[in-house]
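Asker: Below are the sequence and a predicted model; questions follow.
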Amino acid sequence: MELFEVIEKRRSVRSYEKYDIPKKDIEKILKAGSLAPSGRNIQPYEFIVIDDEKIIKKLGEEVQNCISEASVVIGIIADPQMSKYWLEDISAVTENMLLAIEDLGYASCWIEGTLLPKEKQIKELLKIPEEKRFIIILPIGKAKGEIPKKSKKDIKEITHHNFYSNKYFIADSVKNK
Ligand SMILES: Cc1cc2nc3c(=O)[nH]c(=O)nc-3n(C[C@H](O)[C@H](O)[C@H](O)COP(=O)(O)O)c2cc1C
């Protein structure tokens, strides 16, 4: 797919069909994450690939139901001692991975809000060292059911030109659909 098409098509999907995702696709997703920008290129993160059915089920029970339907879950582990930009860095990693997941024909969702309050116990479950942060996981599977249309702010409503109070003119060809 063309990049802009991937960006437009990506949606948070919370219902998946089990699918035997080839290892080479998982590796492409990891590679996309590893190529993200990071402050001073420190790359203060590691990844964890979870394909054990029992662990996936447990994550579904403990964090968010939809995770249990995923075929594979990728988690992003951050080391805040390595860089003060760790949160921005793992966010860039996450978006790169989400776009790769979309491009490969799978679906996912950035799971953070429901993981945060369970971080300590999930780190224990996955044997992640205490000093690391574990706040983002990506369940991956084939999308099940209909994917609702995006509702996003119109760029003409959120873009200024030179000065804050001046509206930026947006050509019809790129206005939000
Ligand atoms: C920082 C952050 C945390 C999020 N946490 C969750 C979450 O815990 N559970 C969930 O279902 N979706 C979560 N999402 C997904 C958002 O709900 C979703 O991106 C938003 O509704 C916009 O929909 P879209 O991704 O389809 O454009 C999170 C997204 C971000 C960026």
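Answerer: Good, I have the coordinates.

Asker: going forward, measure contacts and count neighbours with C-alpha atoms only.
Answerer: OK.

Asker: Report how many residues lie close to Ala143.
Answerer: Counted with other CA atoms under 10 Å, residues neighbouring Ala143 total 20.

Asker: From Lys123, how far out is it?
Answerer: Distance, Ala143 to Lys123, using CA to CA, to the nearest Å: 27 Å.

Asker: and what of Trp110?
Answerer: From Trp110 to Lys123 the distance is 18 Å (CA to CA).

Asker: likewise Ile77?
Answerer: Using CA to CA, Ile77 is found at 10 Å from Lys123.

Asker: Of these two, which one has the most company?
Answerer: Taking other CA under 10 Å, Ile77 and Lys123 do not tie; Ile77 has more neighbours (22 against 17).

Asker: looking at this, that one is in a strand?
Answerer: Yes. Judged by DSSP: H, G, I helix; E, B strand; the rest coil, Ile77 forms part of a strand.

Asker: What residues are bridge-paired with it?
Answerer: Beta bridges link Ile77 to Glu46, Phe134, judged by DSSP bridges.

Asker: How about the residues of this protein by the ligand?
Answerer: Arg11, Ser12, Cys109, Trp110, Ile111, Glu112, Gly113, Thr114 (CA under 6 Å from any ligand atom).

Asker: and the last one, what does it touch?
Answerer: Listed by CA atoms under 8 Å, 6 or more residues apart in numbering, the contact partners of Thr114 are Val63, Gln64.

Asker: For it, what are phi and psi?
Answerer: Backbone torsions of Thr114, given as degrees, to the nearest 10, read phi -90, psi -10.

Asker: which of the residues in the longest helix that the chain contains are buried?
Answerer: Across the chain, the longest stretch assigned as helix under DSSP state H is helix 86-103. Buried residues in helix 86-103, counted by 16 or more other CA atoms under 10 Å: 86-87, 89-103.

Asker: Stretch 160-170 too?
Answerer: Of all the residues in stretch 160-170, those buried under the rule 16+ other CA under 10 Å are Tyr168.

Asker: For that stretch, measure first residue to last.
Answerer: 10 Å.
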